[in-house]
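In: Below is the sequence, then the predicted model.
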Amino acid sequence: MFKMEISYPEIFKQVPKDSDDFQLQCNKLSKDIVDKQKTILNVIENLNSYLTDPSHHKREYGTHILSEVISKLSSDALSLQELHFINKFYTDRLRDHHEVIPAVLRGVLALMSQKNYPDGGCTEMLSSLFQNVSCQQQQRGDRYNIYCIFKHCLEFRSDEIKSMGLDFVYGFISAIDSEKDPRNLVFLFGWLPQLIRTVSLGHLKEEMFETVSCYFPIDFRVSAQDSMGITREALAEVLAPCLCAIDDFASDCIGLALEKLGSSMRIAKLDSLNVLKMGCGVFSEESFLLHSTELWASIQKEVYSASGDYEIESLALDTLSAIVSRISSSNTDTFKALLSNITDTSKLNLRPDAKLFSATGKILEAVTKSSKVSAEHVIKQCIPLMMNTYQIVSTIPERLIVFQQLISIVAIYSKSYNLNEMEELKLIPNLCLQAAIEDHPQIRALGLKSLGILHNALSEEIRVNFYKSMRVYLVIKQERIVREAFHHCLIQLTSSYTKEVLPVIQEVQISSEDDLIVFMDCLVEIALISDDIFQFLFQKCIGDDLNTSTHAFSALKQVFIKQESVEFLENYLQKFDFLNVLIDWVFSKLELLNTRDKMMKDVGEVLRVIVSCHNCDKQRIIVEKHLNRVIELFGLNKIDVSVFVLSGLIVRLDRAVLSDFRMPDFIIEIATKTTSELVQVEAFQLIANYLNKLDSEDEITRILVAIETSSTNVDIARQVGLCTWVTKALVMRSHPQSDKWINLMVSSLKMHAPAAMGFKIVLDESYDALSTKSNCQKRLLYKQRFFTQSTKSINEAYDETTTAHLCAIAYMLEEIPQTVIKMQFEQLIRFISLGLDTITELKPLTAIFTTLDNLLQKKDPLMESYIQTLLPRFLKLSAFKDSMYVRCSAIMCVSGYATAGYPLHKVLPFKSDVIVALGKCLDDPKRLVRNKAVAARMYWYIMDEPI
């Protein structure tokens, strides 16, 4: 027995529908049904006084309660018998008062989601819905629920809607006809094509098409208040598949698209072209053949009259290509006539001086890519004419235009078909070869690029002839456009004919260092295409000629940088035992390499990449094998460049591996005694790498003490450099000792003005030795903490006799986030204004101007607040004699105040001073300064003029 202590009307009597209490009570009822404490029939019986009340308001309320309860049930909560009864109840309720209908629709939707929903229930419900509910007279949300019912029936009860035949089709058309809400339309159009393909439209197919086509083209404007995110493009995207849903729509759809394509509305053209293109995947070829003449006339008009509208032109060409591709298999007289019509029209515009030459070329490309039949027709009709034109025209620009278009068409054909199949194309490779050896660089570049494009179609004779010319390109410096084209060609030929290219590479004769540089640039492009070419480059690295080795290592570094795949590099390096061979060679030549700092730096960077390709276990083996060799060698010979080898082995190590090895003391010795700046910086960075990654506090303390001890007897510049890198390492990991070293950096500013650059180094994240690639620690907000601590210390130590403190702040402004600058702007403005007054160096002044200009461009209120402080200084620096860049930057900031939109009463008082000061800039010896002054002065002139 189910307990029915309290009637539901009593429970819901004082509960509003939209309240939380209402939802709570409905949840309780649905839970009771799921827990088998009640049945749905008990609920209906208990709600009887509401459901049968003469007042439609109470009937609506009762139905709403029931629908809410059903919607909260699990999908298997109701039995088949219960669903039969409730379905009959809701079917009858569709005849009720129009204010009851919304609650009924919600209930129907919930009911249909039940797994045990009875067979035939969908038919009964839809029949009643079509007979009793006028869809378009309902509210938007209720119409949406009706569409959801249709969609559910389509997805789960398609057999039933099929069995309803034309009754369903007619009822559906009547329901959706004249829908205007964009949200409902997006939903409806999303599944309408599936429905059209599922049911038989019979004699109503024309009515269905007209119901949908009345929305075409979509002319919908999103209101500023719209928050639903519905756009015209979204509607157009879902409407197009509805118009192209079945082949029966072909004639009407193509006719409609042609009509709208002739419209002056841009959106109508775009939508029409898109529908035609989409229709190619659905409509029969006969449908397009029937309209082929009109289609070509309309599309060619759009291409020829696009007037710079790339989107319309591109879509028109894609549509033409799709249509020609669709009808190519027919091979009828109509199709042949269409192709002839296209090529005959095109021939009239294939002169390089013709206004429509470019558009015609694009049309021919579109037709060529459509099918083999259409491509062969274009080539037979147009390629001989274009080749003849190329030979006849005399000016370089005209030859370039014709040759480029010629190759574009041939390249499209060569991607899918064999050039040697057509007689008209057999001379093309030879034409490209001739162009590749011409005197004019643009023709030469185009010829080389064309040989690369057509590499698969080049005969052996053509290739052999080109290899003779290729020897020149491999060593002789060329114009940039020619060099890039040759690299493209070289990559393609090497990929397809490696065994032919390799001997050419190996036999190259180098006669000068310039030849060597060009040759190595070429090897960079192809080194990883073939094992043999990589081995060739590697042998150049470890050969006896150290001059060649210098350039070869530089090339090898670029090869590794370009190759992003760690797995690929690891396989390559293991194949050649690269690491061991390289290090053995370095040790065998180390005394000779002691004066080749730049080369050894490249060696170190190559080693870094190699080490980073290995896991922790392999890294540990590498270090154990080679670290002691480096230490012993330095101990015997004091060779400074050994630090590059050590850096290559250590910098990219995983932190867990690095912690197992004590930092060699000789690194500090090199850092404090070497005479080479490159070696010194490498040693600084290696020490910083250790300090950042070590876990042992004892080892960190040992290194820091050793640094302090060793720094006492060295020059101030070296002390500052070492202090800078130590500080960077400690600051990045937020080490407790970082504050001490920051204070040392600040105190060094008074003794050594260039120390200001160190503050930029600490914040600069571009250094590989202290990057996340090198597994270094980088704590969150470390830049902000360093900046705050530094500015506080600088403020306390500021000395007016030097600009070093101001330069340090200027350098930091360039590296920290703008949010930090804005937060501390009130404290910084003093240093910024003093910097603008006293700094004479270009870099710190540029850093200040860049920061302030960014704030002006973003119309930051801070710049408005300090206009009296900053603008006069900008005007003064607009006449800065020592640097044009400072003058330009100052004028840009002056201009920024005029364009930022600050209140006129704040800006206008400065107008006369600005115009006078900028007037003097009009006589500046540099044109760039004069141009910026003219523009800025104009902005200030018109700022208070009525628009």
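Out: Yes, it's here.

In: Please make it C-alpha for all contacts and neighbour counts, starting now.
Out: Will do.

In: Restrict stretch 332-343 to CA atoms and write it as PDB.
Out: In PDB, the C-alpha atoms belonging to stretch 332-343 read as follows (Å, rounded to 0.1, in the frame of the first residue of the first chain):
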ATOM      1  CA  THR A 332      29.000  14.700 -73.200                       C
ATOM      2  CA  ASP A 333      28.900  17.300 -75.900                       C
ATOM      3  CA  THR A 334      27.500  19.800 -73.400                       C
ATOM      4  CA  PHE A 335      30.500  19.200 -71.200                       C
ATOM      5  CA  LYS A 336      32.900  19.600 -74.100                       C
ATOM      6  CA  ALA A 337      31.200  22.800 -75.100                       C
ATOM      7  CA  LEU A 338      31.600  24.100 -71.600                       C
ATOM      8  CA  LEU A 339      35.300  23.500 -71.600                       C
ATOM      9  CA  SER A 340      35.700  25.000 -75.000                       C
ATOM     10  CA  ASN A 341      33.700  28.000 -73.900                       C
ATOM     11  CA  ILE A 342      36.000  28.400 -70.900                       C
ATOM     12  CA  THR A 343      39.300  28.100 -72.800                       C
END
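
In: who's in contact with it?
Out: Residues from elsewhere that reach stretch 332-343 (C-alpha atoms under 8 Å, 6 or more residues apart in numbering): 289, 292-293, 296, 327-328, 364, 374, 377-378, 381-382.

In: do that again at 7 Å, thanks
Out: Stretch 332-343 is contacted from outside by 289, 292-293, 327, 374, 378, 381, using C-alpha atoms under 7 Å, 6 or more residues apart in numbering.

In: Only whichever of those residues are buried, select them in ChimeraX.
Out: Command for ChimeraX that selects the buried part of the contacts of stretch 332-343, burial taken from 16 or more other C-alpha atoms under 10 Å:
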select :289,292,327,374,378,381
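
In: Now that we have the contacts of stretch 332-343, can you turn them into TSV and tack on distance to K151, pLDDT and secondary structure?
Out: Shown next, in TSV, are the contacts of stretch 332-343 (distance: C-alpha to C-alpha, whole Å; pLDDT from 0 to 100; DSSP: H, G, I helix; E, B strand; the rest coil):
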residue	distance to K151	pLDDT	secondary structure
L289	36	93	helix
S292	37	92	helix
T293	40	92	helix
I327	35	93	helix
S374	43	93	helix
V378	48	94	helix
Q381	53	93	helix
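
In: tell me which of the contacts of stretch 332-343 is nearest to T850?
Out: Taking C-alpha to C-alpha as the measure, V378 is the one of the contacts of stretch 332-343 closest to T850, at 55.9 Å.

In: For L400, the count of nearby residues, please.
Out: When neighbours are defined as other C-alpha atoms under 10 Å, L400 has 17 of them.

In: Identify the residues contacting it.
Out: Counted by C-alpha under 7 Å, 6+ apart, L400 has contacts I443.

In: now it: how far from L425?
Out: For L400, the distance to L425 (C-alpha to C-alpha, to the nearest Å) stands at 19 Å.

In: likewise L653?
Out: With distances taken as C-alpha to C-alpha, L653 is found 57 Å from L425.

In: what's the answer for P925, then?
Out: From P925 to L425 the distance is 58 Å (C-alpha to C-alpha).

In: repeat for A316
Out: From A316 over to L425 the distance is 28 Å, taken as C-alpha to C-alpha.

In: quick one, which of these two is more surrounded?
Out: Neighbours per residue (other C-alpha under 10 Å) separate A316 from L425, with A316 holding more: 28 against 19.

In: and that one, what helix or strand is that in?
Out: Under the criterion of DSSP states H and E, A316 resides in helix 310-327.

In: Check the residue nearest to L904 when sequence neighbours are not counted and give its pLDDT.
Out: Using C-alpha to C-alpha, 6 or more residues apart in numbering and skipping residues adjacent in sequence, the residue nearest L904 is D944, 7.3 Å away. Note for D944: predicted pLDDT of 79.

In: Likewise for S329?
Out: 85.

In: do the one 3 residues further on as well
Out: The model reports T332 with a pLDDT of 84.

In: I'd like to know how far it sits from K277.
Out: Distance, T332 to K277, using C-alpha to C-alpha: 21 Å.

In: neighbour-wise, which of those two wins?
Out: Neighbour totals were compared for T332 and K277, and K277 leads with 23 against 12 (other C-alpha under 10 Å).

In: just to confirm, which helix or strand has the more buried one in it?
Out: Going by DSSP H and E, K277 is part of helix 266-279.

In: Output the contacting helices and strands for that helix.
Out: Judged by 3 or more C-alpha pairs under 7 Å, 6 or more residues apart in numbering; DSSP states H and E, helix 266-279 is in contact with helix 250-261, helix 310-327.

In: what ranges of this structure fall below the confidence cut-off?
Out: 1-14, 17, 222-228, 564-566, 636-638, 946-947 (pLDDT under 70).

In: cutoff 50 now
Out: Applying pLDDT under 50 to the chain picks out residues 1-5, 227.

In: so how many other residues sit close to the closest residue to L502 other than its chain neighbours?
Out: In space, and not counting its chain neighbours, L502 is closest to I533: 6.8 Å by C-alpha to C-alpha, 6+ apart. Other residues lying near I533 total 22 when counted by other C-alpha under 10 Å.

In: so I533 makes contact with A527?
Out: Yes - contact status for I533 versus A527: in contact at 5.3 Å, counting by C-alpha atoms under 7 Å.

In: For P503, identify the helix or strand it belongs to.
Out: Here P503 is assigned to helix 498-506, by DSSP H and E.

In: coming back round to it: packing partners for the helix holding A316?
Out: helix 266-279, helix 285-290, helix 292-304, helix 357-368.
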